[in-house]
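**Student:** Here's a sequence, model it:
(chains A and B)
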Number of protein chains: 2
Amino acid sequence: MTDPRSYIQTILPRNTPVAKEGRAFAPANIALCKYWGKRDEAFKLPLTGSLSVSLGRLGTHMRIRPADRDSLTLNGTEQAPASAISRRLFGFLDLFRDPGTALAVDSKNTLPTAAGLASSASAFAAAVLALNELFGWEADSDTLSQLARFGSGSACRSVRHGFMEWHPGERPDGSDSFATSLDADWPEFRIGILTVSNAPKPTGSGEGMKRTRDTSALYRSWPDQVTGDLPLIREAVRERDLNTLGRTAEHNALAMHATMIASWPPLIYWSPETLAALHRLHALREQGLPVYATLDAGPNIKLLFEHPSAHDLLREFADLQVVNPEEF
Amino acid sequence: MTDPRSYIQTILPRNTPVAKEGRAFAPANIALCKYWGKRDEAFKLPLTGSLSVSLGRLGTHMRIRPADRDSLTLNGTEQAPASAISRRLFGFLDLFRDPGTALAVDSKNTLPTAAGLASSASAFAAAVLALNELFGWEADSDTLSQLARFGSGSACRSVRHGFMEWHPGERPDGSDSFATSLDADWPEFRIGILTVSNAPKPTGSGEGMKRTRDTSALYRSWPDQVTGDLPLIREAVRERDLNTLGRTAEHNALAMHATMIASWPPLIYWSPETLAALHRLHALREQGLPVYATLDAGPNIKLLFEHPSAHDLLREFADLQVVNPEEF
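**Tutor:** Got it, this is the predicted structure:
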């Protein structure tokens, strides 16, 4: 076993700029079959596969240029070098660049700041895409996905738009652990972002995953859940079968939350408003509206539906932000 | 394998009244290590063991007399013979009596009607205790517990006051599946009943258990949870160790709810108010107040604490009903 940097160096042709700058956009993504728990922390290798859809124009624009000193500008504001966010980003860039290669990074998120959507997946994916240009790697998307994974596991699903499946792989170096596109299009599919709280999460995802793995007896059955759900979701995407997709994705998300709720101390990411919105959604569904929910490690809800339901849903949830993944 | 009535007849000495009436009180009970899921429906045999504490004076007073026709008076109101409650009770009494033995049952619950506490456990336990007197069985408490189990599984833990452990047993006839007392006393122990909603449950416990068993992948790990928790709770009761008891009981209750949340369609018994109260409780605990929660298949919360914390808790939760299990 080697360390991440040594492994990455074996697959990169170059570690210094060959262009004046690299520019890229990467979309955020929402998992329909969730990633929850690693089999290896350093290489960010997942215990199970997962499947996501990207969020169209919501994501991260990144520009990386050679410079005299490292700097990170985020949404127009320069970040202190000692800040957690700067240290995490440049620690990631250190995996790819020769020592002494200073870089100026300009990053802009188009994610609504109050939506509590993770920007780390789109940010690390955009960084890898920008480096690919700056360093002239000409890497294929499987390789870029693999590289993005070292920043944040779910970033491997953000190197392309659309429905992406992260294959967990088996090798210790993670060379078989990356996401590929389902190459499915579904023009009517929509995601509705329902922001019920913008308070910062009390426990981050990485720490939450560890606690779940270490203290939740029910987590032992989580791989069974994914083994059942993933093929159903993959097939439902290909068939554009909203009811199968929605039912399976909602079941999967609730089961992930269940593994957290069964941790100790309990990880209850839901707020009272989350539950009120979920109960309301279930009532709407009983009235015949084909709409489902997925939830990540936070209080907000993402609705899954098709374009014809948008009108009814906007009347129910005035603040709903509707996203078409194919519009970018 | 035999049917419940045939089995029960083999252990009863008599099936007709020998006294003018039978009278009994049985307390409600709250599980600290939960019972969730049967290995046999007809014999109401549980998949795992469980452990409960009784609720002092809160329970069911029952009087059963020989009569010309069956009748059930509940809290002073005579119930229609075709009502669900009458049919369930007389169906139960049919297990024990000779055909043609008509009985008049007068039942009074001292449970606060709005608290959403199950009265079935105390009712079926009180019925068996009253029949023991009326029919002159002179049965020991292990036998009475076994008989009460046929009415409602958790009724087997209500035939005595105090901390009761339900041994799951292994035999198909359930002759080794009954509850015994821990014979532990804990004068400072208190239960606080926090009623956040008195709406009827959308899904009853029996149906909820079946759905969980049939659709929740995480339920496969539930027996592991109980195997870990039950000895800790038993020992904590004996040692009067509130923190170990509370931590383990709360973890156990949340894990049970997690198995339900991971069912399909999802069983989410919590209301927004449940979650608000849980988050408030966790904040109080972080401030140093030794208080824990347990929750059954409904939105209400039961707090677990010791007498010295009662004052602080009553200030936080004005509607809290404090119960001393040893006062009856």
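
**Student:** biggest helix in chain A, by residue count?
**Tutor:** Secondary structure of chain A per DSSP state H: the longest helix is helix A:242-261.

**Student:** Next SSE downstream of it?
**Tutor:** helix A:272-286 (DSSP states H and E).

**Student:** Does the longest helix of chain A pack against any helices or strands, and if so which?
**Tutor:** Other helices and strands packing on helix A:242-261, by 3 or more CB pairs under 8 Å, 6 or more residues apart in numbering or on different chains; DSSP states H and E, are strand A:22-33, helix A:205-215, helix A:222-239, strand A:292-295, strand A:301-306, helix B:242-261. Any C-beta I mention is one placed from the backbone N, CA and C, and that applies to glycine too.

**Student:** quick one: average confidence on it?
**Tutor:** In this model, helix A:242-261 carries a mean pLDDT of 98.

**Student:** That one vs strand A:301-306, what angle?
**Tutor:** 170 degrees (axes from the mean of the first three to the mean of the last three CA atoms, to 10 degrees).

**Student:** how about the strands of the stretch 101-250 of chain A, start to end?
**Tutor:** For the stretch 101-250 of chain A, the strands defined by DSSP state E, counting those that start in this stretch cover A:103-109, A:163-166, A:179-181, A:189-194.

**Student:** residue contacts, A:Leu230?
**Tutor:** Counting by CB atoms under 8 Å, 6 or more residues apart in numbering or on different chains, A:Leu230 makes contact with A:33, A:48-51, A:165.

**Student:** now do A:Glu239
**Tutor:** So A:Glu239 contacts nothing (CB under 8 Å, 6+ apart).

**Student:** re the thing from before, okay if I get the helices and strands packed on helix A:242-261 as TSV plus distance to B:Leu313?
**Tutor:** Output for these, formatted as TSV (distance: least, CB to CB, whole Å):
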stretch	distance to B:Leu313
strand A:22-33	40
helix A:205-215	27
helix A:222-239	35
strand A:292-295	31
strand A:301-306	32
helix B:242-261	13
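
**Student:** which residue packs closest to the residue of the stretch 51-200 of chain A found nearest chain B, ignoring adjacent ones?
**Tutor:** At 10.5 Å from chain B, A:Val196 is the closest residue in the stretch 51-200 of chain A, using CB to the nearest CB. Leaving aside its sequence neighbours, A:Val196 sits nearest to A:Glu273 (CB to CB, 6 or more residues apart in numbering or on different chains; 3.9 Å).

**Student:** What pLDDT is listed against the residue of the stretch 51-200 of chain A closest to chain B?
**Tutor:** Looking at A:Val196, its pLDDT stands at 88.

**Student:** Quick check: it touching A:Trp270?
**Tutor:** No. Using CB atoms under 8 Å, A:Val196 is not in contact with A:Trp270, being 9.1 Å away.

**Student:** out of those two, which sits in the more crowded spot?
**Tutor:** A:Trp270 (26 against 20; other CB atoms under 10 Å in any protein chain shown).

**Student:** how near is that one to A:Ser181?
**Tutor:** Counting by CB to CB, to the nearest Å, the separation of A:Trp270 from A:Ser181 is 32 Å.

**Student:** still on that earlier bit, so what sits against both of A:Val196 and A:Trp270?
**Tutor:** A:Pro299.

**Student:** Tell me who's in contact with the residue nearest to A:Ala42 when sequence neighbours are not counted.
**Tutor:** Once flanking residues are discounted, A:Ala42 sits nearest to A:Pro4: 5.8 Å by CB to CB, 6+ apart. Taking CB under 8 Å, 6+ apart, we find A:Pro4 in contact with A:42-43, A:95, A:150.
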